[in-house]
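Novice: Here is my input; please provide its structure:
(chains A and B)
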Amino acid sequence: MALTREQMAQRIARELQDGFYVNLGIGIPTLVANYVPEGIEVMLQSENGLLGMGPFPTEAELDADMINAGKQTVTALPGASIFSSAESFAMIRGGHVDLTVLGAFEVDVQGNIASWMIPGKLVKGMGGAMDLVAGAENIIVVMTHASKDGESKLLPRCSLPLTGAGCIRRVLTDLAYLEIENGAFVLRERAPGVSVEQIRAMTAGELVVPDEVPEMQFA
Amino acid sequence: MPGFDKRVSCMEQALEGLQDGMTVLAGGFGLCGIPENLIAEIKRRGNRELTVVSNNCGVDGFGLGVLLEDRQIRKMIASYVGENALFEKQLLEGELEVELTPQGTLAEKLRAGGAGIPAFFTATGYGTPVAEGKEVREFDGRRYILERAITGDFAIVKGWKADRYGNVVYRHTAQNFNPLAAAAGRITVVEVEEIVEPGELEPSQIHTPGIYVDRIICSSFEKRIEKRTVRA
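Specialist: Numbering: from 1, shown residues only, chains lettered A, B, ... in the order given. Model prediction:
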């Protein structure tokens, strides 16, 4: 079975470490905040200028001056700090954020990522995605393994305009967890009940399959 | 305006001197912390052929979106413009030029502009369409592209509190691009919720020192919420 959105978020949450500053993109990455493991503390960075982002507000807490990078109303936790967008991207570009999780249209064996522009469709902009992929050492891309049309999104070479070149080393899809090494995807884990052959069939870029590929476990 | 008293009494004075074809830097992120009354005043004045630098371009009928209604914006420099049907229409019809700029690069272009730095190298955008036509330089084995700074004829800024010296503090995440725009404007106009007496703002807590600010005006704000999300 392919992973649900919630399971994908749960799997990524296992990469969180105590004391990590983390930037979560829009969509599935946002759900990771719901699965922070017991006993560890992480601080969420929102690139409009908030470190220490809390949950959505109650009606009573709602404040137009307190939003996240997705323009949703949020809260700030005790210990939070708020700053300008230049300061915020100084943190990101300076490599101070420990983990960045974001979505993509395509990733390739060279670690290139395409996530912002589909030629022929209206281009709305890259927002902070180019800064995040260029600035972070530790990035996990989360996306479905194939498009709605069944085309692989793990490619020998991205077909869409890039968001960043050579900056991705880890990818979680609904079928597998993979690392990018030496110009190939290395299959590290399978979704429960998904075979290596199924993953191979859906992976257009070169796939390296180690002797042992464990199945992900979910409670 | 005598001495350091930056206060003006009406919107006409606040934007006096704004002319067709000028570049306007606007603070705000989405609809958060936007100078909504100064934007409305630009609409009332009817200036045209403007280049507007802002992270976003408002929504239909509010924020910078209102300047599209009478086609006052010729060129928009922004990182994300997806919230606006009229923007899409004018873009597709070729009436509006847009220069999409990564958010952090946009912030740094303004910061550099305000600080007198003409250009800077960044890894952001290397190997992407953003890098086209830009100088590439390698430092310590990594490639970077040269990005030019941005300054503006006018900056329009939304603050929380200011004193008459033009010292400004922002409230929560309404800070965003506002202090960057404030520093990069040749004439910087700040509208605030409250003007306080000198000395009421703690000097070490001031976000935008008055040296960057030319005009201060007190306004009331709708503060529209773009994506209202609450928990039970």
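Novice: dump the residue contacts of the residue most central in space within chain B.
Specialist: Relative to the mean C-alpha position of chain B, the nearest C-alpha, by CA atoms, centre = their mean, is the one of B:A26, at 2.0 Å. Contacts for B:A26 were tallied using CB atoms under 8 Å, 6 or more residues apart in numbering or on different chains; they are B:I34, B:P35, B:I39, B:V52, B:V53, B:S54, B:L64, B:A155, B:I156, B:F177, B:A181. Every residue, glycine included, has its C-beta placed from N, CA and C.
Novice: tell me how far the longest helix along chain B is from the chain's mean position?
Specialist: If you go by DSSP state H, chain B has its longest helix at helix B:103-115. Distance of helix B:103-115 from the chain centroid (CA atoms, centre = their mean, to the nearest Å) equals 11 Å.
Novice: Could you do stretch B:167-175 as well?
Specialist: Offset of stretch B:167-175 from its chain centre (CA atoms, centre = their mean): 13 Å.
Novice: contact partners of it?
Specialist: Contact with stretch B:167-175 is made by A:46, A:48-50, A:63-68, A:76, A:82-84, B:28-29, B:32-33, B:157-162, B:178-179, B:182, B:190, B:192-193, B:201, B:203, B:205-210, B:213, B:216, as judged by CB under 8 Å, 6+ apart.
Novice: Quick one: the helices in the chain, in order.
Specialist: The chain I'm using is chain A. Under DSSP H, chain A gives helices at A:5-13, A:28-31, A:85-93, A:129-135, A:196-201.
Novice: looking at chain B here, not the other one
Specialist: According to DSSP H, the helices that chain B contains are B:11-14, B:36-45, B:66-69, B:85-92, B:103-115, B:178-184.
Novice: pull the helix or strand with minimum mean pLDDT from chain B.
Specialist: The weakest-scoring helix or strand in chain B, judged by mean pLDDT, DSSP states H and E, is helix B:85-92 (a mean of 89).
Novice: Could you do chain A as well?
Specialist: Within chain A, confidence by mean pLDDT, DSSP H and E is lowest for helix A:28-31 among all helices and strands, at a mean of 93.
Novice: Please enumerate residues in contact with it?
Specialist: Here helix A:28-31 has contacts from A:R5, A:E6, A:M8, A:A9, A:I12, A:L24, A:G70, A:V101, A:L102, A:G103, A:V142, using CB under 8 Å, 6+ apart.
Novice: hmm, 7 Å instead?
Specialist: Residues outside helix A:28-31 that contact it (CB atoms under 7 Å, 6 or more residues apart in numbering or on different chains): A:R5, A:E6, A:M8, A:A9, A:L24, A:V101, A:L102, A:G103, A:V142.
Novice: what's the answer for stretch A:170-189, then?
Specialist: So stretch A:170-189 is contacted by A:2-3, A:8, A:11-12, A:107, A:109-111, A:139-145, A:154, A:168-169, A:190-191, A:194, A:196, A:198-199, A:202-203, A:205-210, A:213-214, A:216 (CB under 7 Å, 6+ apart).
Novice: picking that back up, tell me which residues of the least confident helix or strand of chain A are tucked away?
Specialist: Buried positions in helix A:28-31, judged by neighbour count with 16 or more other CB atoms under 10 Å in any protein chain shown: A:I28, A:P29, A:T30, A:L31.
Novice: do the same with stretch B:197-208
Specialist: Neighbour counts over stretch B:197-208 (16+ other CB under 10 Å) mark B:L201, B:I206, B:H207, B:T208 as buried.
Novice: doesn't A:M202 make contact with A:A146?
Specialist: Yes - using CB atoms under 7 Å, A:A146 makes contact with A:M202 at a distance of 5.2 Å.
Novice: residue ranges for the strands of chain A, please.
Specialist: Using DSSP state E, the strands of chain A run over residues A:21-24, A:43-46, A:50-53, A:76-82, A:99-102, A:106-108, A:113-114, A:139-142, A:154-155, A:170-172, A:176-181, A:184-190, A:207-208.
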